[in-house]
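In: okay, here's the prediction I keep looking at, along with the sequence it came from:
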Amino acid sequence: MSVDEIIKELESLGSKKNVEGMQRFGITSRAKILGVSKPELREIAKKIGKNQELSIELWESGIHEARILACMIADPEKFTDDLMDRWVSEIDNWDLCDQCAMNLFWKTKHAYKKAMVWCQSDCEFTKRAGFALMAKLAISDKKADDRKFEQFFPIIKREASDNRNYVKKAVSWALRQIGKRNPDLNKKAIETAKEIQKINSRSAKWIASDAIRELTSEAVQERFKKRGK
């Protein structure tokens, strides 16, 4: 399939009702949004398979759904450091940010480095991408050593005072997912949350409360007990 053929298919699947629904959830963009559902995008991605060149062409179209499709078909092994920086710099909403982190960025060899660097950015969605990467790595990088995640705790604490909504939610997301990997990281994540709780910042107190509530919950603790048996 060519880029033009894919975009025509995306346009045919678009829905004004979906666009309006996305706007209610804060998904807006300088680019065109068609309102194509994620299941439909995944079906197209499945038909295409991994195709790095096509992914770059789709991204350059600037269309929101074409960019999400691009991150679904991009080849993480061919994805360079510079290309990651270029794509993340062009993200302007949380939906595209999270899709790139979850479908592509975490699979690259640059993932841990980018998580560390991006979370220091002044740009709201680049910073969110850094913490979304931490969260996704905690969920999906099953073989990673605990030390890979322990290095994130000081950064999470330092950035917990950022009051921007999409950043603070991502900070909480990262802390909670790291704390759900295993009992040792759970204990350290709770300790970090209690340190964050002492910071004189509304966002820090919200993040701490959100993390402590989930990480100390019966559901999470029971899960650890079952794993230990």
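Out: Nice, thanks for sending it over. Note that the structure is predicted; figures quoted are calculated from it, not measured.
In: phi and psi next, for the closest residue to residue 16 other than its chain neighbours.
Out: Of all residues not flanking residue 16 in the chain, residue 35 sits nearest, at 6.3 Å (C-beta to C-beta, 6 or more residues apart in numbering). Placement of C-beta: from N, CA and C, glycine included. Backbone torsions of residue 35, given as degrees, to the nearest 10, read phi 90, psi 40.
In: got it, and residue 93?
Out: phi -160, psi 160.
In: gap between it and residue 177?
Out: In this view, residue 93 and residue 177 are 21 Å apart by C-beta to C-beta, to the nearest Å.
In: any weak-confidence spans in this structure?
Out: Scanning the chain for pLDDT under 70 picks out the ranges 228-229.
In: walk me through the domains of it.
Out: Domain ranges of the chain: 1-74, 81-229, per automatic domain parsing.
In: I'd like the ones you listed laid out as CSV, including mean neighbour count.
Out: CSV is the format used below for the domains of the chain (neighbours: other C-beta atoms under 10 Å):
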stretch, mean neighbour count
domain 1-74, 17
domain 81-229, 19
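In: after the helix or strand encompassing residue 203, next one along is what?
Out: Here residue 203 is covered by helix 202-215, with elements defined by DSSP states H and E. Later in the chain than helix 202-215, the nearest helix or strand by DSSP H and E is helix 218-228.
In: what does that following helix contact?
Out: For helix 218-228, the external contacting residues (C-beta atoms under 8 Å, 6 or more residues apart in numbering) are 179, 180, 182, 183, 186, 214.
In: and the third one, how far is that from residue 134?
Out: Distance check for residue 182 against residue 134: by C-beta to C-beta, it reads 16 Å.
In: just the fourth one next, same as before
Out: Residue 183 sits 19 Å away from residue 134 when distances are taken as C-beta to C-beta.
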